[in-house]
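Student: with the sequence up front, the predicted model follows.
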Amino acid sequence: MRISRLVLSSAAVGTMIGTGRADLNRTHVFNVAWPPHARFHGAAGWGTVAGLQVLTLWLLWRPGQRRTERDLAVKTAALLPTIAWLPFFPALATPGTAVEDEPGHLPRVAGVPLNLVPATLIPAISALGYALHRHGH
């Protein structure tokens, strides 16, 4: 078993669990103060992210791949969790947006709101997994 697949799988599973915990709760999708359409988009967005992570796992673990297929599958599997998180940063630049509704509401890691930590770490973990694959690990 290649360590690169385990690293990339952890990025996918972490993305599914982390975004599910962050979005499928009373502060987001089940927040009665949110308009129904916003709640719909929150639920649909999480479903999209979760579905892409299931695709990631399938790409990584499906049997019978030739080397060129496996290389493309691993490259795609490294991109999918990254695509789920990188939009956090351009979203911050969008006027009228914030990473939290009440400043100071989220726990901080080294002064950074907690939701920006996986937005930074998951793409880094995905890059590490892809680099390990490229080096035969």
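Tutor: Yep, that arrived.

Student: quick one: the nearest residue to L59 once chain neighbours are set aside from P87, how far?
Tutor: What sits nearest to L59 in space, not counting adjacent residues and going by CB to CB, 6 or more residues apart in numbering, is A73, at 4.1 Å. Where C-beta positions appear, they are placed from N, C-alpha and C, glycine not excepted. From A73 across to P87, the span is 23 Å (CB to CB, to the nearest Å).

Student: next helix or strand past the helix or strand harbouring A73?
Tutor: Assigned by DSSP states H and E, A73 falls within helix 67-85. Later in the chain than helix 67-85, the nearest helix or strand by DSSP H and E is helix 88-92.

Student: that next one - contacts with which helices or strands?
Tutor: Where contact means 3 or more CB pairs under 8 Å, 6 or more residues apart in numbering; DSSP states H and E, helix 88-92 is packed against helix 116-134.
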